[in-house]
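Peer 1: Got a predicted model here, sequence first, then my questions.
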Amino acid sequence: MIVAPLLALLVTGLAASVSAGGGDVSTNVIPASQVAYFTKHTRYAFVSYYNDGSSISNWSCNFCKDPSLKDTIQPVFTPSADGNSQGFSIIVSLRGTNSAAEVVADLFVVPQNLPVTNSPEEVLVHAGFWYVWAEQLRPVVEPVLKKYIKANPGYTVSFVGHSLGGAAAVLAAVDLTARGVVQAGKSRLITFGQPRIGNAAFGAYVNRFHFNEVSRVVNYNDIVPHLPPYSDFYQQQSTEYWINASGKVVSCDDAAYGGEDSNCSNTVLDNLTLASHGKYFGLQCPRFEQS
């Protein structure tokens with residue numbers, strides 16, 4: 001299944017992949033196998049930006065044809081009701097905003113309580129991100145995901161997204177797990193250039209699920225992971241993997257600091273840019289080619 005412009009994508013079929021859990025030591029360089037794993041999932045995240053349904057259904061888009069994605073099978077294009085969202089299964093890859101300018105504009109929204117089953121009252125999230133997941137994506141993604149899970153009971157579901165798509169991917173995983181649609185131990189969260197979603201209580205709530213993996217990849221001085229600005233209402237969730245100035249990917253010891261390790265991307269706060277947001281692991285996001 002796929003879903004069209006703004007956000008969502010589900011692709012069937014997964015190759016065996018390395019686990020990408022968080023490291024205990026700040027700025028610990030990760031192995032090449034893990035870098036390859038993240039690079040592969042960057043391609044999945046960027047595929048969701050294509051508007052051409054046939055190129056996804058035929059798996060013929062530029063990123064689709066990469067050898068690292070050759071194990072992907074049965075992609076089906078399915079436009080959402082409003083025509084503005086896209087999806088796939090068993091990789092749930094959620095698409096970000098249409099332009100770089102919209103990235104910044106969309107990030108400044110007041111938080112709200114998280115309307116998820118048994119969510120503590122103190123958990124707050126970005127109201128716009130929740131709306132995109134709950135109102136635009138969930139009605140399209142959830143029924144198809146349930147079908148694929150039923151057909152593949154040994155599944156592992158990977159929630160993948162770039163930019164605002166990363167925020168929606170995290171909310172999707174939390175919501176679907178809380179309602180028993182997916183199992184936390186069989187779910188992975190892998191995001192790229194993801195903005196802050198909610199407060200410290202939200203980060204702690206994500207950790208309570210004990211997902212198989214929560215990986216938040218940040219490209220050197222990408223501005224979006226630092227938006228909305230750090231406050232009592234907005235902090236990142238663990239675990240950050242930072243692509244540093246030398247191009248090395250390091251795991252960050254942020255579990256005890258609300259996802260905000262001072263030794264990783266927070267070291268470049270005076271040099272943040274949108275230019276780093278559109279390119280991860282040397283791969284250019286289609287939506288940001290003209291930005």
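Peer 2: Good, I have the coordinates. Model, not experiment: these values are computed from the prediction. Numbers count the residues shown, from 1 in each chain.
Peer 1: helix or strand right after the helix or strand bottoming out on mean pLDDT in the chain?
Peer 2: For the chain, counting by mean pLDDT, DSSP states H and E, strand 10-11 ranks last in confidence among helices and strands (a mean of 36). Scanning forward in sequence from strand 10-11 by DSSP states H and E, the next helix or strand is strand 28-29.
Peer 1: same for that following strand, what does it pack against?
Peer 2: If you count contacts as 3 or more C-beta pairs under 8 Å, 6 or more residues apart in numbering; DSSP states H and E, strand 28-29 packs onto strand 249-251. C-beta coordinates here come from the backbone N, C-alpha and C atoms, glycine included.
Peer 1: and Ser33, how many neighbours?
Peer 2: Burial measure for Ser33: 10 neighbouring residues, criterion other C-beta atoms under 10 Å.
Peer 1: Packing partners of whichever strand or helix holds it?
Peer 2: Counting by DSSP H and E, the element that carries Ser33 is helix 32-47. Using 3+ C-beta pairs under 8 Å, 6+ apart as the contact test, the elements touching helix 32-47 are strand 91-94, strand 157-162, strand 187-192, strand 213-219, strand 249-251, strand 283-284.
Peer 1: Go again with 7 Å.
Peer 2: With contacts defined as 3 or more C-beta pairs under 7 Å, 6 or more residues apart in numbering; DSSP states H and E, helix 32-47 has these neighbours: strand 91-94, strand 157-162, strand 187-192, strand 283-284.
Peer 1: Put the alpha carbons of the second one into CSV.
Peer 2: Extracted C-alpha coordinates of strand 157-162, given in CSV (Å, rounded to 0.1, in the frame of the first residue of the first chain):
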residue,chain,number,x,y,z
VAL,A,157,6.8,-3.5,11.7
SER,A,158,9.3,-0.7,11.1
PHE,A,159,7.9,2.8,11.4
VAL,A,160,10.0,5.1,9.2
GLY,A,161,9.9,8.8,8.4
HIS,A,162,11.8,11.9,7.4
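Peer 1: That strand to strand 213-219, inter-axis angle?
Peer 2: An angle of 20 degrees separates the directions of strand 157-162 and strand 213-219 when computed by axes from the mean of the first three to the mean of the last three C-alpha atoms, to 10 degrees.
Peer 1: neighbouring strands for strand 157-162, and are they parallel or not?
Peer 2: Under the criterion DSSP bridges, strand 157-162 sits next to strand 91-94 (parallel), strand 187-192 (parallel) in its sheet.
Peer 1: do the shortest one as well
Peer 2: In the sheet, strand 283-284 lines up against strand 279-280 (antiparallel) (DSSP bridges).
Peer 1: Residues in contact with the partner strand: which ones?
Peer 2: Contact partners of strand 279-280, identified using C-beta atoms under 7 Å, 6 or more residues apart in numbering, comprise 42, 192-193, 217, 219, 285.
Peer 1: Can you give the distance of it from its chain's centre?
Peer 2: Per C-alpha atoms, centre = their mean, to the nearest Å, the displacement of strand 279-280 from the mean C-alpha position of its chain is 14 Å.
Peer 1: Same question for stretch 265-274.
Peer 2: For stretch 265-274, the distance from its own C-alpha centre to the chain's C-alpha centre is 20 Å (C-alpha atoms, centre = their mean).
Peer 1: Between the two ends of it, what distance do you get?
Peer 2: With C-alpha to C-alpha, to the nearest Å applied, stretch 265-274 spans 14 Å between its terminal residues.
Peer 1: try stretch 223-232
Peer 2: Looking at stretch 223-232, the gap from its leading to its trailing residue is 19 Å under the measure C-alpha to C-alpha.
Peer 1: hmm, who's touching that stretch?
Peer 2: With C-beta under 7 Å, 6+ apart as the criterion, stretch 223-232 contacts 103-104, 107-108, 163, 193-196, 199, 218, 234, 236, 260, 265, 269, 272-274, 277.
Peer 1: what about the helices in the stretch 101-250 of the chain?
Peer 2: Chain-ordered helices for the stretch 101-250 of the chain, with DSSP state H, counting those that start in this stretch as the definition, fall at 127-131, 138-151, 164-178, 200-208.
Peer 1: Out of those helices, flag the one nearest Pro31.
Peer 2: helix 164-178 (23.0 Å; C-beta to C-beta).
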